[in-house]
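Undergrad: Need coordinates for the below:
(3 chains)
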Amino acid sequence: MKRVLPVIAALLLLAIPLGVSNQFLLHLGITVLMWTILGLAWNLLGGYAGQVSFGHATFFGIGAYTTMILYLSFRLAPWYGMALGGVLGALFSLPIGLICFRLRGPYFSLATLAVAEIIRLVALNWESLTNGPVGLLITSLPQVTVFGAAINWERKEPFFVIVAVLALCAMLAAYLFTRSRLGSYLTAIREDEDAAEAIGIDTTRSKVTVLALSAFLTGLAGGFYGLYFRYVDPDAVFLISLSVEMVFIAVVGGLRTIAGPVVGAIFLTTIAELFRERFMVGHLIFYGLFMMLVIRFLPEGIWGRALRILTGRR
Amino acid sequence: MRKLLFVSLVFCLSLVVSAPVFAAEGTLKIGAPQPMTGPDAPFGDKFKKAYSLAVEEINAAGGVNGRKIEVIIEDHQAKNALAATVAEKLITQEKVLILTGGRASGQAVEIASVAQRLKTPYLVDHPSADIITAKGFEWVFRNNPTGSIYPQAFNKFISEVPGAMPKSAAVLYDNTVFGKSIANSAMTFLKSRNVKIVNDEAYAVNTLDFKPIMTKVKANNPDFVLMVAVSTTDAILLTRHAKEMGLRPRAFVGFGGGFGVEDFAKQLGGLSENVFSSAAWSGNPNDPTVKKFYATFYKKYGIHPKEHEVEGYAGIYIIADAMKRAKPTGNLAADREAIRQALLKTDMTTVFGKVKFGDWAGPLGDKYTNQNIFSPDHSVLAQWRGGKLLNVWPKANAETNYVFPEPSTK
Amino acid sequence: MTAAMETLIQSLVNGVLTGSLYAMIGVGLTVIFGVMRIINLAHGEMVMLGMFSAYWSYTLWKIDSFLSAIVWVPLFFLAGMLAYRYLVRAIMPGGELNTLLYTAGMSLLIANVALFAWTGDYRTLNLPYAVEPLHPFGIAVPVPLAIAFGLAALITAALYVFLARTDTGRAVRATSQNPEAAALMGINVERIAMITFGLGTALAAAAGVLLVPSLYLYPTVGEILVVKCFVIVVLGGLGSIPGAIAGGILLGVIESFGAVYVSVAYKDTIGFIMFLLVLLFRPQGLFGAARS
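TA: Numbering: from 1, shown residues only, chains lettered A, B, ... in the order given. Below is the predicted model of the structure:
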């Protein structure tokens, strides 16, 4: 039963476009799933490994720009670009990790923030590569036929399926990660880094590995952003606020849980949407209040609390 | 305490779940994504005022073919992804016939891209990035001039007024689409006239301190100082710090954005005197209809309408005109196409000036689609005088004589 | 004086003056971090509220904005203590990350309440006696900045006396160095935390009051200040007050020289690279040794 449930849930998720034709609802669903991937990716590093990054927008931006540049300059279909975006994000994460992991706690967080800002400024000023502040715009996507039918890129359904598959892969990756040896190394590092080192865990290597995995997923989501929104500029994909939102999703949902980021993404996206609809100019007041209340009363996150109630532990 | 907080949580959730406000039935809906919160909120507010006035007037005069029109504003917080989301929402949920607004270029590109995909017309009323009408989007129309057209009135001024051609120029612009396209256009022209560019500096939006930059500029002693700022606060500080650092060029020239809003003079006081702004105009001030509009607007809101308000107001009239000719039937897709066809045939005069959409090449070689063909006439050089921005060039639209060179020049 | 020399000195003066204001913002943040180990993301909003307070004092009641600090700073001290007691304290056990996100929520709340109350209009405060800059030795010195510089020095001195000479001040320093030991020595850590939060808030508000005649204000202005704050505080060493002051002035000077001699576009990048280098090679801050 425990093994069947996730499979059923996954199939249901993929079947949503068959039952829901409302394009705006699908759009919201796509946004939720994209944020889910980002929350999951951040959670691997920030939750399981306890390394709080405020610079994940870097990998997101690299993924998005890779996809766009490869398509615009080399006509490489965006889905390959997306995968390469993830790979490039992971590659970039190696030097960043080697530098930033020399630091711990809030110092690490601040270092990631500084790196992210430096990279944003480079993207803004390196015009020959990124087209600077004007950004990159795709006006049409290549023709693709599946089972003899051309995919209609003007509809949301194909994007929903793509991002749903990505999100499921990310969840599977997170699941496998928690059960892996690396996962337990990182738990040890989170609990007590010095002790972990003392029992012979190569802490830097473990942390760099999980950062690469996290960066890969974030880059993938960034690539998807480019493919779906078809326009990137440095302020849209490299901003600090983007990094902070990823943290929020993971924390509001529940750190160190697989379903947490899903719940976090659903809650924050829909709440933001509902508040905006209801309050116009005041909507961010309520959004801020909502976040404060969640953290105040559900410090372990929404899903974290639900899990505790479901499993009867108190 | 705990209880109180919990009650407030429940309260705020129940507010969300309570019944939404439904839009009036049977109206012709226009969607307008605008920044209503965040740093750009004052601009969202300007457009909201302009739209309301236009809608009130049109509805009071019998609406469009007897039906009332309505503008639905959605807040995009000056964020690109959110701009796309609210555009989607307006098109698929609110079922608007046409989009307008957008305010900043980044968000407008996102809205244009969505409008093109979902086959909904989008009338750009203010965003100026060339890219918006230079990508062949047949569903996107633009009434206002593009960024690269902004400097044209200034170019005319320095070419036509004897002795006005700068000997050298410092060019400072924010690192945004807006800043880049205007600065590029201005510098291309200056270079073609062999004017030496002594400073070419891109600064970050919301720079807290321009004194270092101005110190650097001062060392080069430029004949003209050209400044582009999308944000009003940057325009204010640029001017203030330039003067504090003792720059004495023959002219300070801004290019719309922060240099073209009333706040600029209100906040700077005397420091704004004689600063030029070459940008989209706010309509021909010598035209009686435009004068009447200025008076009505001032009476209603206590604000002298500038570029933004005039553009927003004119946009609604262009849309109403197209709707009238399109004769909406209730079939959404057909109505949108009919409005697009009507816009292609638009040929009218608003308070912003003449409008007719066409395909033509911009000053930097961009191939425009559905860009107002009268745009080059809508660039005007104005000068801040006693707290008012008065047109000074071209002569035909001038409200007063220019003051040049700056009397305080050494 | 040659032109090149003038540019050099002018850049230095600009850097130091602006840096002193950066320092004022940084000090409040670092005081709170020192005692409570929380990075207060709502710090920028506290500065914003200080700015608005001074602005309204001047425009509504014709009270000189600098003078209004006498009223506002103690009020913000009280408000900060109350905020700690009723809003922040309960979050502390949730850990650093939760506290940080909580303050992020607070920042969103405060900025948007301000937006609601005062609209998003940009405002500036022009003091009638401060329009023309002073010109000692041909160097331009804006009057409001010069006054702010003097007051910042005064406030810093007062803070120093408080921390070095009073019992409460000593208790704050003791808690900052080692909370457990301080508790064992009979210091009421809870009370000290409350006072510290009040102190940090009051310093933020003071920075706002000093900043307002030189800058502009609008409800979300805090977000452009808060990132700078981090850089300053880290340059000087997290939790170190003299460090934050030195860090602020250093950042002001780096930015000023960076813009003049390197590149305007990369001026912020230079700041961040410095920040990163300091983090890596001197995580205790450039002035860690000088820590009180």
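
Undergrad: Pull out the buried residues from the top helix by length along chain C.
TA: In chain C, taking DSSP state H as the definition, the longest helix is helix C:3-36. Counting neighbours by 16 or more other CB atoms under 10 Å in any protein chain shown, one finds that the buried residues in helix C:3-36 are C:6-8, C:10-36. Quick note: C-beta positions are derived from backbone N, CA and C, even for glycine.

Undergrad: filter the residues you listed by proximity to chain B?
TA: C:Thr7, C:Gln10, C:Ser11, C:Asn14, C:Gly15, C:Thr18 (CB under 8 Å from any CB of the partner chain).

Undergrad: rewinding a little: what packs against the longest helix of chain C?
TA: helix B:211-220, helix C:43-61, helix C:143-165, helix C:167-177, helix C:189-211, helix C:222-236, helix C:241-257 (3 or more CB pairs under 8 Å, 6 or more residues apart in numbering or on different chains; DSSP states H and E).

Undergrad: ok, C:Gly247 - contacts?
TA: C:22-23, C:26, C:231-237, C:285-287 (CB atoms under 8 Å, 6 or more residues apart in numbering or on different chains).

Undergrad: run the last query once more with 6 Å
TA: C:Ile232, C:Leu235, C:Gly236 (CB atoms under 6 Å, 6 or more residues apart in numbering or on different chains).

Undergrad: Top of the residues you listed by number of neighbours, please.
TA: C:Gly236 (32 neighbours; other CB atoms under 10 Å in any protein chain shown).

Undergrad: From C:Val31, how far off is the nearest residue to it once chain neighbours are set aside?
TA: Nearest residue to C:Gly236, sequence neighbours excluded (CB to CB, 6 or more residues apart in numbering or on different chains): C:Gly243, at 2.7 Å. C:Gly243 sits 11 Å away from C:Val31, going by CB to CB, to the nearest Å.

Undergrad: The longest helix of chain C versus helix C:222-236: what angle between them?
TA: 90 degrees (axes from the mean of the first three to the mean of the last three CA atoms, to 10 degrees).

Undergrad: Please state the offset of helix C:3-36 from the chain centre?
TA: Taking CA atoms, centre = their mean, to the nearest Å, one finds the center of helix C:3-36 at 10 Å from the center of the full chain.

Undergrad: residues near the closest residue to C:Gly94 other than its chain neighbours, how many?
TA: Sequence neighbours aside, A:Pro299 is the residue nearest to C:Gly94 in space, at 3.9 Å (criterion: CB to CB, 6+ apart). A:Pro299 sits with 20 neighbouring residues when counted by other CB under 10 Å.

Undergrad: ok, now B:Tyr317?
TA: 19.

Undergrad: Isn't it up against B:Thr350?
TA: Yes - with contact defined as CB atoms under 6 Å, B:Tyr317 reaches B:Thr350; the gap is 4.9 Å.

Undergrad: what inclination does the helix or strand hosting A:Tyr107 have with respect to helix C:3-36?
TA: Per DSSP states H and E: A:Tyr107 is located in helix A:105-125. Relative orientation of helix A:105-125 and helix C:3-36, computed by the same axes, to 10 degrees: 140 degrees.

Undergrad: Skipping its backbone neighbours, what lies nearest the residue of chain C found nearest chain B in space?
TA: Relative to chain B, the nearest point of chain C is C:Gly120 (3.0 Å; CB to the nearest CB). The spatial neighbour of C:Gly120 that comes closest, neighbours along the chain excluded (CB to CB, 6+ apart), is B:Ala41 at 3.0 Å.

Undergrad: Show the pLDDT at that neighbour.
TA: With respect to pLDDT, B:Ala41 has a value of 88.

Undergrad: ok, now B:Lys388?
TA: 89.

Undergrad: where's it relative to B:Glu307, distance?
TA: 14 Å.

Undergrad: And the two? Which one has more around it.
TA: Neighbours per residue (other CB under 10 Å) separate B:Lys388 from B:Glu307, with B:Glu307 holding more: 25 against 14.

Undergrad: How about the contacts made by that one?
TA: B:Gly260, B:Ala280, B:Ser282.

Undergrad: how about low-confidence regions in the chain?
TA: Let's take chain A. For chain A, the stretches flagged by pLDDT under 70 are A:1-2, A:313-314.

Undergrad: wrong one, I was asking about chain C
TA: In chain C, residues with pLDDT under 70: C:1, C:288-292.

Undergrad: Run through the residues of it sitting next to chain B.
TA: C:7, C:10-11, C:14, C:18, C:120-122, C:124, C:126, C:133, C:140, C:142, C:216, C:220, C:224, C:256, C:259-260, C:264-265, C:268 (CB under 6 Å from any CB of the partner chain).

Undergrad: does the residue nearest to C:Gly94 sit in a helix, a strand or a coil?
TA: What DSSP: H, G, I helix; E, B strand; the rest coil gives for A:Pro299 is coil.

Undergrad: Touching, it and C:Met92? I think so.
TA: No - between A:Pro299 and C:Met92 there is no contact under CB under 6 Å: 10.4 Å.

Undergrad: Tell me how far B:Ala54 lies from B:Pro42.
TA: Where B:Pro42 is concerned, B:Ala54 sits at a distance of 19 Å (CB to CB).

Undergrad: Between these two, which has more neighbouring residues?
TA: Shown here are B:Ala54 and B:Pro42; by other CB under 10 Å, B:Ala54 has more neighbours (25 against 17).

Undergrad: pretty sure that one contacts B:Ala314?
TA: No - using CB under 6 Å, B:Ala54 is not in contact with B:Ala314, being 8.1 Å away.

Undergrad: For chain B, what's its nearest residue on the stretch 101-250 of chain A.
TA: For the stretch 101-250 of chain A, CB to the nearest CB, closest residue to chain B: A:Ala236, 4.0 Å.

Undergrad: Once you drop chain neighbours, what's closest to C:Leu215?
TA: For C:Leu215, the closest residue by CB to CB, 6+ apart turns out to be B:Leu208, at 6.6 Å.

Undergrad: Shouldn't the one you found be within a helix?
TA: No - checked against three-state DSSP, B:Leu208 lies outside a helix; its state is coil.

Undergrad: And the helices in chain B?
TA: B:2-17, B:41-60, B:80-92, B:105-117, B:152-160, B:177-192, B:211-220, B:232-244, B:262-268, B:288-301, B:307-326, B:332-344.

Undergrad: Now the terminal residues of stretch C:236-246, how far apart.
TA: 6 Å (CA to CA, to the nearest Å).

Undergrad: Same check on stretch A:275-290?
TA: 10 Å.

Undergrad: Quickly check: stretch A:267-283 near chain B or not.
TA: Yes - Stretch A:267-283 comes into contact with chain B (CB under 6 Å from any CB), by way of A:Leu274, A:Arg276, A:Val281.

Undergrad: what kind of secondary structure is the first one in?
TA: When states are read from three-state DSSP, the local structure at A:Leu274 comes out as helix.

Undergrad: Alright, calling it a day.
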